[in-house]
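1. Here's a sequence, model it:
(one chain, ligands or ions: 1)
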Amino acid sequence: MAAKKELRIGLIGTGFMGRTHSNGYNRVPNFFPDLEYTPVLKVVCSRNAEKVKAFAEQWGYESTETDWKAVIARDDVDAIDICTPNDSHAEIAIAAAKAGKMILCEKPLARTVAEAQEMVDAANEAGVNTTVWYNYRRIPAVSLAKQIVDSGKLGKIFHYRANFLQDWTISADVPQGGTGTWRMDVDAAGSGVTGDLLAHCIDTAMWINGAITDVSAVTETFVKERMHAITGKVQPVGIDDACIFHCHFANGSLGLFESTRYARGHKALYTFEINGEHASIRWDLHDLNRLEYFDHRDEGIVRGWRSVHVTDGDQPYMDKWWVPGLGIGYEHSFVHQVADFLKSLETGQPCSPNFQDSLETQKVCEAVLDSATSKSWKDTGVESFTM
Ligand SMILES: NC(=O)c1ccc[n+]([C@@H]2O[C@H](COP(=O)([O-])OP(=O)(O)OC[C@H]3O[C@@H](n4cnc5c(N)ncnc54)[C@H](O)[C@@H]3O)[C@@H](O)[C@H]2O)c1
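-> Numbers count the residues shown, from 1 in each chain. The predicted structure is shown next:
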């Protein structure tokens, strides 16, 4: 067997996403053995020397750093993986691009369109490969939903509906800022549920159903003041706790999106439903191996919603896993993204969503927030997606 080409990874940030990505890099050689490239866990970076060493040992990294700039300066690293809070994505990505490194960046690409545009410009100028971890696309049932829509089975699309519901910030005692709760601090996160959760729904929606052209939104911040975890000061909350928007897609369909962290009983309920002229599909993250499908052209006496268990070898990604009938999980979407990024190095095709695609998602997020503030419809200015 020919020796594999190496993709030497420098991973920055060892929290939730640092773990999911590290798991992805470790699993890919076992389950995608035909790829030309293989990831090499060269270095991991986090600010606490002891913790980052323990992480390196647990996940198999060769070395550690405590300053991300040192990772970028290293000659033995090809790709920078950004798993830090949103306020550091632009600075790290721009420095990485300038150093000629490939970039795998967590979502949302940035806090604002202006930051995201600078990242796109830096990556384009350097000519480096990029991808953004909108991982839900790579859950087999979600990939299958796209295949079904692309095949034309649904006919003309009328409606796209998505929810992303959580309940973890209802208590006024949850602080803002700091290590575990940076998502509550607008300076660190850029926005609340819009950038954190709806960005996923928007990415999936535009991938499956095309550009969102204009939006009308309402947001709410239910708890107006929270203590800052670092300063201890009680200060105004700048993030959106909840957001509902409706929109037009370029294909003439209507969209309805809702996200909140105040839906008691829901931990991470991401669902979408698409209604077309002939057929509809719906998906639910809590039952992620299933895709529901209704086809009006079925014979009347047996017509109804089918629940497709997406575990057969001819369904997306499933030939790489176990045997038909056996499901996979959330973590596999990250394994698939690593595999697709490595494949993109072989083929020379972009690993969508790249920085440019994710700038388009950022434009929708910003238009949503602008619409809520101005209480008016906003054009998104979205141009295209590489699909
Ligand atoms: N794709 C997804 O579904 C998904 C899910 C969760 C989070 N995210 C995104 O991933 C990113 C990280 O989120 P998370 O949940 O892993 O956060 P986290 O708080 O669990 O981890 C963040 C990590 O970054 C480290 N860090 C912060 N500043 C740093 C710096 N200057 N240098 C080095 N390390 C630094 C922290 O120590 C921590 O290890 C965010 O952009 C978030 O939006 C994406």
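
2. tally of neighbours for D298?
-> D298: 13 surrounding residues under other C-beta atoms under 10 Å. (Glycine included, C-beta is placed from N, CA and C.)

3. Determine the number of other residues adjacent to the residue in the stretch 51-200 of the chain positioned nearest to the ligand.
-> Across the stretch 51-200 of the chain, no residue is closer to the ligand than E106, which sits at 3.4 Å (C-beta to the nearest ligand atom). Using other C-beta under 10 Å, E106 has 23 other residues around it.

4. can you check G192 too?
-> Count around G192 with other C-beta under 10 Å applied: 28.

5. List the residues that contact the residue nearest to it when sequence neighbours are not counted.
-> Using C-beta to C-beta, 6 or more residues apart in numbering and skipping residues adjacent in sequence, the residue nearest G192 is I239, 3.2 Å away. Contact analysis of I239 by C-beta atoms under 8 Å, 6 or more residues apart in numbering lists 176, 183-186, 189, 191-193, 221.

6. Next, I239: secondary structure please.
-> Following DSSP: H, G, I helix; E, B strand; the rest coil, the label given to I239 is coil.

7. so where's the stretch 1-150 of the chain shaky on pLDDT?
-> 1 (pLDDT under 70).

8. That one against the ligand: which residues are in contact?
-> With C-beta under 6 Å from any ligand atom as the criterion, the stretch 1-150 of the chain meets the ligand at residues 12-18, 45-47, 68, 83-86, 88, 106-107, 133, 135.

9. What of the stretch 151-300 of the chain?
-> So the stretch 151-300 of the chain meets the ligand at D196 (C-beta under 6 Å from any ligand atom).

10. same for the host helix or strand of M206, what does it pack against?
-> Using DSSP states H and E, the element containing M206 is helix 199-209. With contacts taken as 3 or more C-beta pairs under 8 Å, 6 or more residues apart in numbering; DSSP states H and E, helix 199-209 sits against helix 140-150, strand 157-165, strand 212-220, strand 254-260, strand 269-276, helix 355-374.

11. For the residue of the stretch 51-200 of the chain closest to the ligand, grab phi and psi.
-> phi -70, psi 160 (degrees, to the nearest 10).

12. and the gap between it and G13?
-> Relative to G13, E106 is positioned 8 Å away (C-beta to C-beta, to the nearest Å).

13. residues shared between the contacts of the two?
-> With C-beta under 8 Å, 6+ apart, E106 and G13 have common neighbours 82-84.

14. where does the stretch 201-350 of the chain have low pLDDT?
-> For the stretch 201-350 of the chain (pLDDT under 70), the answer is none.

15. residue boundaries of the helices in it?
-> 331-347 (DSSP state H, counting those that start in this stretch).

16. Domains in the chain, by residue range?
-> Following automatic domain parsing, one gets these domains for the chain: 5-135, 137-379.

17. Just checking the distance from the first one to the centre of its chain.
-> For domain 5-135, the distance between its averaged C-alpha position and the chain's averaged C-alpha position is 15 Å (C-alpha atoms, centre = their mean, to the nearest Å).

18. again with the last one
-> A distance of 8 Å separates the centroid of the chain from that of domain 137-379, by C-alpha atoms, centre = their mean.

19. ranges for the strands of the stretch 1-150 of the chain?
-> 5-12, 37-45, 63-65, 79-82, 102-105, 130-132 (DSSP state E, counting those that start in this stretch).
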